[in-house]
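Participant: Got a sequence here, can you model it:
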Amino acid sequence: MARIEFQVSIKAPIELVYQVSQDYSVRYDWDTFPENITLLNGAKQIEKGVCVSVTAKNGLQMEVEFVQVMPPTATAVTMTKGPLILKAFSGSWVFKSISATETNAKFVYSIKTKWWSIPFISEAIASRYFYKVIVSRLSGLKAYCETKAN
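Facilitator: Predicted coordinates:
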C-alpha cells in the first residue's frame, strides 16, 4: 500500500478552512480535482456513514464513504467503489490550528492497486498522480481560504 501526503500552512482560522473544505457549494471554486460530487442515498450533508460519488475532471470515478467527520479538525473517507485498477483507497484531511489566524492542512491518501496491475509499478505511478492531485487541491484551498480570511 502506498501512502501519499502533503501539507501547507494557510493564513486563515481553522473553522473557516474546515468549513470551506467540506462545503460543496464552494468546492468547485477552489478544488481542481472534481468535475462532479454527489451526495448519495438522499444525504443532505456530510456526516459519518454518508456516501459520495466523485467524478474527477479526467473521468476517474469513485464512491467513498465518510468514516470520520470531526469538525473542525478532520474528515476521512474510504473507497466503496472505484476505478478498475484500485483495490483500496482511503484519504484523510487533517487540520490543526497554529494560531487564531493560521491553520496547518494535511491531506493523506493511501492506495493499493490490484494484484494484476503489478503493484510495485502501478502504485508508484498512482502515487505520483495522487501527489500532484493533493498539491493542487491544497494550493487551491490555501488561495481560496486566504482570500476569504482577508
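
Participant: the longest strand in the chain is where?
Facilitator: strand 86-99 (DSSP state E).

Participant: counting contacts, what elements does it pack onto?
Facilitator: helix 14-22, strand 61-70, strand 74-81, strand 102-113 (3 or more C-beta pairs under 8 Å, 6 or more residues apart in numbering; DSSP states H and E). No exception for glycine: its C-beta is placed from N, CA and C like everyone else's.

Participant: For the last one, buried residues please.
Facilitator: For strand 102-113, the neighbour count (16 or more other C-beta atoms under 10 Å) marks 102, 103, 105, 106, 107, 108, 109, 110, 111, 112, 113 as buried.

Participant: before we move on, the earlier item: and the helices and strands packed on strand 86-99: which comes nearest residue 49?
Facilitator: Shortest distance between residue 49 and the helices and strands packed on strand 86-99, using C-beta to C-beta, is found for strand 61-70: 6.6 Å.

Participant: so what strands line up beside the closest one?
Facilitator: Counting by DSSP bridges, the strands paired with strand 61-70 are strand 51-56 (antiparallel), strand 74-81 (antiparallel).

Participant: quick one: contacts of the first one?
Facilitator: It refers to strand 51-56. Strand 51-56 is contacted from outside by 33-41, 43, 46, 61-66, 77, 80, using C-beta atoms under 8 Å, 6 or more residues apart in numbering.

Participant: Now restrict these to buried residues only.
Facilitator: Using 16+ other C-beta under 10 Å, the buried ones in those are 33, 34, 46, 62, 64, 65, 66, 77.
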